[in-house]
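J.: Sharing a sequence plus its predicted fold:
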Amino acid sequence: MTQEVNRKIERALISVYNKEGLKPLLETLSALNVEFISTGGTQRYIEEAGYPCRKVEDLTGFPAILGGRVKTLHPTIFGGILARRELEQDRAEMQQHAIEFIDLVVVDLYPFEEVLRAGASEEELIEKIDIGGVSLIRAAAKNYHDVAVIASKDALGDFCKAVKAHEGVTTLEMRRTWAAAAFCHVTAYDRAISDYFSGGESIPLPHDLQPAQALRYGENPHQKGYFFAPEKALFEQLQGKELSYNNLRDADAAMQLIAEFEQTPCFAVIKHMNPCGIAKGKDIAEAWQRAFDADRESAFGGILIANRCIDERTANAVSGIFFEVLIAPDYTEEALNCLAKKSKRIVLKQLDAIHTTFNYTSALNGLMCQERDVACDTDCRQVTDKASTEQEKQDMLFAMKAVKHCKSNAIVLVRDGMMLAHGIGQTSRIAALQQAIDKAKRNGFDLHGAVMASDAFFPFSDCVETAAREGITAIIQPGGSIRDQESIDAANQHGIAMLFTGKRHFRH
């Protein structure tokens, strides 16, 4: 069993490619009287920032060689990192060879993936395969019992806060957490290189993730749940209880949905990863009211998300219902004061959009991944005699963005930038449409002048016939059925405009 032990940081080896975020680290460590050791450009940067720094070659007695390919790979450096403080034999050998202990290793690896994406030549790519940096990280992480390691510039801010709070002392738990993150970082780095050398299409597994964070429970209380978080968080939690497994899944669905609507103020309500209300408005308060009015019943206990700053007026409005999570890019001070009156409700400030290329899911004891559905449907083809009005076209595009994020089979009904109702998760398309119509009527909406979006083609003309009876004036769908002409003929017969997108948006 590993004995709990605290270690004071007295000497740090710092070698980074990207100097971003380095100054606050230097300020923090210098204030704690930590000695700096470094190489090449990092050593010059530290000295130009006004801090004394020992050169690695002064410790090793050996200069950097082979154009900088070999700098830190030396027993003096790796002995200082790997030495076990509690072993008398290790301490004796350190003294015999005049090797000094190194308590902290901060490394930022060469940007292999960035250079690869930029289309660099193979010669340039090879030189961006880090050897010494990876070795330093692995050595420090292996010896986490005595040494702290930071392997990514994104982790520097949290590291500085932790070190300041503990006055330069690190606990075993802190060092183990950093070591786990470091090994994850190196694994992702090596995987990118392996993908390149394999010559096939790179399909990355999730990477740059922190160790598992235990959640209150999984989808249900009898299930355990864990979250492997990205190093760079997508949100900051401003108040509320601990996020649950379901909260995180809904938040992911909400962030992906709201990213579709950037041009105008927009608000959405998410329930079980489906939008139950989404609307545009002249301001965010109006957008909230319209999204809420779409389905007041389903909004209870939902996830709320906005694409604009939440002001006091909007905060007062949303506080009138029970919600689980509220997400927005920012909040006024008055809004936060209002929301704080119900402190258990979770309030998140979204710091960034979701940029992942792939979605992942487990299946058959394995893992499947696919590209995220980020396709847009602006390149549409009119297939009916009647052309859509500009307002109908805008509403159809709005509806298609919404239907992408609904479980299949899905139908979405929209008018004037507001989702009136949807039919989701049905085993037939006509059932999805009927569900949407029934829901709209139950909530008091007249569908005359509304538009309809379908996530996949109509296998029969029954959906068009049903839509016509309700006064729906325009339809957008992928097309591609062998019976497309039947639906087109039905639309022409009833004076309905129809657009084909050529793209299906199944969401299982």
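T.: Yep, that arrived.
J.: any chance you could map the helices in the stretch 301-450 of the chain?
T.: Applying DSSP state H, counting those that start in this stretch to the stretch 301-450 of the chain gives helices spanning 312-318, 333-339, 390-403, 429-442.
J.: Which SSE is immediately downstream of the last one?
T.: Per DSSP states H and E, the first helix or strand lying C-terminal to helix 429-442 is strand 451-454.
J.: what does that next one rub up against?
T.: With contact meaning CB atoms under 8 Å, 6 or more residues apart in numbering, strand 451-454 is reached by 392, 395-396, 399-400, 402-403, 410-415, 429, 432-433, 436, 463, 467, 472-478. Backbone N, C-alpha and C define where each C-beta goes, glycine included.
J.: how about it: buried residues?
T.: For strand 451-454, a neighbour-count test (16 or more other CB atoms under 10 Å) marks Val451, Met452, Ala453, Ser454 as buried.
J.: Can you tell me which of those residues lies closest to Leu32?
T.: Ranked by distance to Leu32 (CB to CB), the buried residues of strand 451-454 are led by Ala453 at 58.9 Å.
J.: Look up which residues are beta-bridged to the closest one.
T.: Beta-bridge pairing for Ala453 (DSSP bridges): Val412, Ile476.
J.: which intervals of the stretch 301-450 of the chain have sub-threshold pLDDT?
T.: Nowhere does the stretch 301-450 of the chain drop to pLDDT under 70.
J.: List the buried residues for stretch 491-505?
T.: Ala491, Asn492, His494, Ile496, Ala497, Met498, Leu499, Phe500, Thr501, Lys503, Arg504, His505.
J.: again, but for stretch 230-240
T.: Pro230, Glu231, Leu234, Phe235, Gly240.
J.: Now tell me what touches it from outside.
T.: Contact with stretch 230-240 is made by 152, 154-155, 181, 185, 208-210, 243, 251, 255, 325, 327, 331, 336, 339-340, 343-354, as judged by CB under 8 Å, 6+ apart.
J.: sorry, back to before: out of the helices of the stretch 301-450 of the chain, the one nearest Gly41 is which?
T.: Using CB to CB, these put helix 333-339 closest to Gly41, at 42.3 Å.
J.: What residues of that closest one count as buried?
T.: Buried residues in helix 333-339, defined by neighbour count with 16+ other CB under 10 Å: Ala335, Leu336, Cys338, Leu339.
J.: picking that back up, okay, who's weakest in the buried residues of stretch 230-240 by pLDDT?
T.: Going through the buried residues of stretch 230-240 one by one, the lowest pLDDT turns up at Glu231, 63.
J.: pLDDT value on Asn247, please?
T.: The score at Asn247 is 91. That number is its pLDDT.
J.: elements contacting the host helix or strand of it?
T.: Using DSSP H and E, Asn247 sits within helix 245-258. The contact analysis (3 or more CB pairs under 8 Å, 6 or more residues apart in numbering; DSSP states H and E) places helix 245-258 against strand 266-271, strand 274-280, strand 302-306, strand 323-328, strand 346-350.
J.: swap the cut-off to 7 Å and go again
T.: Secondary-structure packing of helix 245-258 (3 or more CB pairs under 7 Å, 6 or more residues apart in numbering; DSSP states H and E): strand 266-271, strand 302-306, strand 323-328, strand 346-350.
J.: Okay, now the sheet partners of the third one, with direction.
T.: Listed by DSSP bridges, the sheet partners of strand 323-328 and their directions read strand 302-306 (parallel), strand 346-350 (parallel).
J.: Just put those strands in JSON lines and tack on mean neighbour count and distance to Ser388.
T.: Below are these laid out as JSON lines (neighbours: other CB atoms under 10 Å; distance: least, CB to CB, whole Å):
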{"stretch": "strand 302-306", "mean neighbour count": "27", "distance to Ser388": "29"}
{"stretch": "strand 346-350", "mean neighbour count": "22", "distance to Ser388": "33"}
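J.: do you know which of those lies nearest Glu47?
T.: It's strand 346-350; of the strands paired with strand 323-328, that one is closest to Glu47 (CB to CB) at 37.8 Å.
J.: angle of that closest one against helix 245-258?
T.: If you take axes from the mean of the first three to the mean of the last three CA atoms, to 10 degrees, strand 346-350 sits at 40 degrees to helix 245-258.
J.: got a list of contacts for strand 346-350?
T.: With contact meaning CB atoms under 7 Å, 6 or more residues apart in numbering, strand 346-350 is reached by 234-241, 243, 247, 251, 255, 324-331, 339.
J.: and what of stretch 58-78?
T.: Ser15, Ile37, Thr39, Gly40, Val56, Glu57, Ile99, Gly132, Ser135, Leu136, Ala139.
J.: Now intersect those residues with the helices, please.
T.: Using DSSP state H, Gly40, Val56, Glu57, Gly132, Ser135, Leu136, Ala139 are the members of those that sit in helices.
J.: and the gap between Gln96 and Pro75?
T.: 12 Å (CB to CB, to the nearest Å).
J.: Pick out whichever of these two has more residues nearby.
T.: More crowded of Gln96 and Pro75, by other CB atoms under 10 Å: Pro75, with 12 against 8.
J.: ok, now how distant is that one from Ile305?
T.: Taking CB to CB, one finds Pro75 at 55 Å from Ile305.
J.: And Leu172, by the same measure?
T.: Going from Leu172 to Ile305 by CB to CB gives 39 Å.
J.: Same check on Ile284?
T.: Taking CB to CB, one finds Ile284 at 11 Å from Ile305.
J.: what's the closest of the helices and strands packed on helix 245-258 to Trp288?
T.: Comparing the helices and strands packed on helix 245-258 by CB to CB, strand 266-271 comes nearest, at 4.4 Å.
J.: Just give the nearest non-adjacent residue to Gln426, would you?
T.: Closest residue to Gln426 apart from its sequence neighbours, by CB to CB, 6 or more residues apart in numbering: Ala432 at 4.0 Å.
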